[in-house]
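Student: just need the structure, nothing else, for what follows:
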Amino acid sequence: MRALYMGRFQPFHRGHLEVVKRILEENDEIIIAVGSANFNYNLKSPFTCGERIWMIHEALVEARIDLKRVYIGAYSNIENNAMWASYIRSLFPPFKRAYTGNPLTQILLMEAGVDVVPLKMIKRELYCATTIRERMLRGEPWEELVPPAVARIINEIDGVSRLQYLARSESDPLSY
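Tutor: Predicted coordinates:
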């Protein structure tokens, strides 16, 4: 069976990686759907869709996950919830199961006939993208919360400086 796993992955962290491994234990294949592809360069979504796909791919390679069992794709947000499940189905290979912790996503997919498995987060208090971004902003250690490949990419693109710049410009848009 092929399963869908959706998230914003801002950034992809160790909790996400463990969820991917768990889904692959229960299914033949996984579709990792990178959401909010149309948002980037803001405090909640500092990384581009391409950067997030890159992070996920490299983290999976590093974890020695068989990429023949993995699809990585992206979707932009749409405002019409009644059409959302059809929109998602049009973007990805066929799937029968989806893993999500989002109640709205759960009901939309269930109503579309998808077997929805409520997502069990891994150490949510520790592995949380919001917490990781906050640590970056405060200059606190964050690298141990993401796979090493993700830390390398964030450092390569100077993601911490980007986030800090975004925090300054969003708090005072005239300061630039």
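
Student: in the sheet, who's paired with residue 73?
Tutor: Judged by DSSP bridges, the bridge partners of residue 73 are residue 33.

Student: residues near it, how many?
Tutor: 16 (other Cβ atoms under 10 Å). Every residue, glycine included, has its C-beta placed from N, CA and C.

Student: what sits against it?
Tutor: Each residue near residue 73 by Cβ atoms under 8 Å, 6 or more residues apart in numbering is listed here: 31-34, 91-92.

Student: could you identify which of these has the most neighbours?
Tutor: residue 32 (26 neighbours).

Student: leaving out the residues flanking it, which one is nearest to it?
Tutor: residue 72 (4.8 Å; Cβ to Cβ, 6 or more residues apart in numbering).

Student: look up how far residue 17 lies from the one you found.
Tutor: Distance from residue 72 to residue 17, counting by Cβ to Cβ, to the nearest Å: 13 Å.

Student: the two: who's more crowded?
Tutor: Each of residue 72 and residue 17 has its neighbours counted (other Cβ under 10 Å); residue 17 has more, 22 against 17.

Student: how about residue 41, secondary structure?
Tutor: Judged by DSSP: H, G, I helix; E, B strand; the rest coil, the three-state class of residue 41 is coil.

Student: right, and it touches residue 166 too?
Tutor: Yes. Under the criterion of Cβ atoms under 8 Å, residue 41 makes contact with residue 166 at 6.6 Å.

Student: please say which of those two ends up with more neighbours.
Tutor: residue 166 (18 against 13).

Student: which elements pack onto the helix or strand where the more buried one lies?
Tutor: With elements taken from DSSP states H and E, the one containing residue 166 is helix 159-171. Using 3 or more Cβ pairs under 8 Å, 6 or more residues apart in numbering; DSSP states H and E as the contact test, the elements touching helix 159-171 are helix 129-138.

Student: centroid residue for the protein?
Tutor: residue 9 (2.2 Å; Cα atoms, centre = their mean).

Student: how about the nearest residue to that one, chain neighbours excluded?
Tutor: Closest to residue 9 by Cβ to Cβ, 6+ apart is residue 52, at 4.9 Å.
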